[in-house]
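Trainee: Pasting a predicted model and its sequence here:
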Amino acid sequence: MSAEHASMRLIDDYARGDTEMAADTVWALEAHLETCAMCRSRLSESVAAGAPGIATLLDTVRAGLEPHLDAAVRTPSRRYRPRWVSAWVTPVMAPWLAMTVAVTLMALLLDAAGPPVFGGASPVLLIAPVLPLCGVAASWSRGLDPAHELTASTARAGLPLLLRRTTTALAVVLPLLLVEGWLTGAMTAAQWLLPSLAFTSTALALGSVIGVTRATAALLATWAVVIAAPAWVTSRVPIALQPDQLPLWGVLLALGIGAVIVRRNAYSTL
């Protein structure tokens, strides 16, 4: 592909359904066709000339659907939503992000209510490292996105879309936690920010194997059993959130990012 348009040879191979085309080449071509009217026109010409059977099939399907489409009852148009919103947010992320904000506010109220419910550990500190996982779970979930099958079949699905939606969740959660940490004074950004990013990268890495929703649920359960519950029993700040443990969180973050890069092609088949 050139900087502006796909080559005619590449378009001809795609129109014929060449099975030897590399998967990343097919992805790049389909993504380009979404925004280039000229290449779509050249693809139509190539299909008509080199694969008349496909053109005939499309005409047959169109002829069969047109009477049904004309008779279909039009549904009321929905409120306009910019295209970039669909690229960064799923239809169900708003309720999940609202729930995440509500959880952090409840933790803030518990912190300000008097004697700590979790002993010497701040509730905000205990939930901060894993809080972004709620948004990550909603960013790429078959059960939580009514348009999941349609979205997953597009050329831009996979890791790029997952990263955009994860970034949206982090952009909402992290500033809120920074403000709450400043208000309570019970935690510093260093105590929870690196663990939070490490958990996020680990969830994405595990998600390439077992699915993002299962990965986030497993990490949440592990955190609750291994870290939060002992902190409540012992009434002390977890050792995992002590400043001297930050290098370990940095290693976990690097490993998670590395695993995501290595398995970047697996996300399109989740």
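Mentor: Structure's in. What do you need?
Trainee: Now for the residue nearest to residue 240 when sequence neighbours are not counted: which residues touch it?
Mentor: Distances taken as Cβ to Cβ, 6 or more residues apart in numbering put residue 227 closest to residue 240, at 5.6 Å, once the chain neighbours are dropped. Every residue, glycine included, has its C-beta placed from N, CA and C. Under the criterion of Cβ atoms under 8 Å, 6 or more residues apart in numbering, the contact partners of residue 227 comprise 126, 238, 240, 241.
Trainee: what separates residue 227 from residue 199, distance-wise?
Mentor: Distance from residue 227 to residue 199, counting by Cβ to Cβ, to the nearest Å: 11 Å.
Trainee: same check, this time on residue 192
Mentor: Look at residue 192 and residue 199: by Cβ to Cβ, they are 10 Å apart.
Trainee: Just give me the neighbour total for residue 231.
Mentor: Neighbour count for residue 231, taken as other Cβ atoms under 10 Å: 22.
Trainee: Name the helix or strand for residue 231, please.
Mentor: Following DSSP states H and E, the helix or strand that holds residue 231 is helix 229-234.
Trainee: Who are the packing partners of that helix?
Mentor: When contacts are defined as 3 or more Cβ pairs under 8 Å, 6 or more residues apart in numbering; DSSP states H and E, helix 229-234 packs onto no helix or strand at all.
Trainee: Show me how far whichever helix or strand comes after that helix is from its chain's centre.
Mentor: With elements assigned by DSSP H and E, the helix or strand that comes after helix 229-234 is helix 246-262. The chain centroid and the centroid of helix 246-262 are separated by 18 Å, computed with Cα atoms, centre = their mean, to the nearest Å.
Trainee: Need the residues that contact helix 246-262.
Mentor: When contacts are defined by Cβ under 8 Å, 6+ apart, helix 246-262 is touched by residues 159, 190, 194, 195, 197, 198, 200, 201, 202, 204, 205, 208.
Trainee: how many other residues sit next to the nearest residue to the fourth one once chain neighbours are set aside?
Mentor: Going back to what we said before, that points to residue 195. Computed as Cβ to Cβ, 6+ apart, the closest residue to residue 195 that is not its neighbour in sequence is residue 129, at 3.8 Å. When counting by other Cβ under 10 Å, one arrives at 27 neighbours for residue 129.
Trainee: wait, residue 129 sits on residue 223?
Mentor: Yes. Contact criterion Cβ atoms under 8 Å: residue 129 and residue 223 qualify, at 7.0 Å.
Trainee: which residues are in contact with both of these two?
Mentor: The contact sets of residue 129 and residue 223 overlap at residue 199 (Cβ under 8 Å, 6+ apart).
Trainee: Helix, strand, or coil at the residue nearest the centre of the chain?
Mentor: Taking Cα atoms, centre = their mean as the criterion, residue 162 is the residue nearest the geometric centre of the chain, at 2.9 Å. Here residue 162 is helix, with the state taken from DSSP: H, G, I helix; E, B strand; the rest coil.
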